[in-house]
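Colleague: My questions concern the predicted model and sequence given below.
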Amino acid sequence: MKKIMTVLLILIFTNFATAQMINNKKEMMMHQHQQGGMMGMGMNLDMMADNIGMCLENASKIGLSEEQKNKLVPIHREMLKKQARFKADLKIAEIDLMSIMEPKDFDLDKAILLTKKISELRTNHHIEMLKYIKEVRTILTEEQYKKIRAMMKSSHKKTTPVKEKK
């Protein structure tokens, strides 16, 4: 009976910790949205690869030359790969953290170390994305940048839920 209760308590705690992490992420994303996002356009850096994809899909609308497309495609692919690696590494680190925190008397030093690793993963990823964004913007003309920015704002408005008044 004690073993069953222990297992149940561990499962409940693990579910609570996972739900708390998800809730914290949702709150952070909502805060970014309310503040205009990292880019000042209501999006976060993780969405930038998707926006470059949109840029490539609408190349004729924004007036991209073949040379510009040939420069953007490898950047876009590299960003997608980096994003996939980041998500996998982050998920693994979060699972490891849950494992460390499973015992009632978990190792605080290990948990702190892993939490710092998670923060470092996020920071390094954002820095990489900023570098890609900078590179992409040097490829676009001012007019093309304005067109894609307007497209992203329009797309964002369509996907952002309207807040209900209470």
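Modeller: Perfect, thanks for sending it.
Colleague: Lys110 - how many residues pack around it?
Modeller: The number of residues packed near Lys110 is 14, by other CB atoms under 10 Å. (Glycine included, C-beta is placed from N, CA and C.)
Colleague: what separates Phe106 from Leu113, distance-wise?
Modeller: 12 Å (CB to CB, to the nearest Å).
Colleague: same question, His126
Modeller: 21 Å.
Colleague: Also Ile4?
Modeller: 32 Å.
Colleague: Please identify which of the two sits among more neighbours.
Modeller: Leu113 (13 against 8).
Colleague: pLDDT weak spots in this protein?
Modeller: Residue ranges of the chain with pLDDT under 70: 1-3, 5-9, 11, 13-46, 48, 156-166.
Colleague: all helices for it, in order.
Modeller: 2-34, 48-57, 59-62, 66-101, 108-139, 142-159 (DSSP state H).
Colleague: Please identify the most buried of those.
Modeller: Highest mean neighbour count among the helices of the chain (mean count of other CB atoms under 10 Å): helix 48-57, with a mean of 18.
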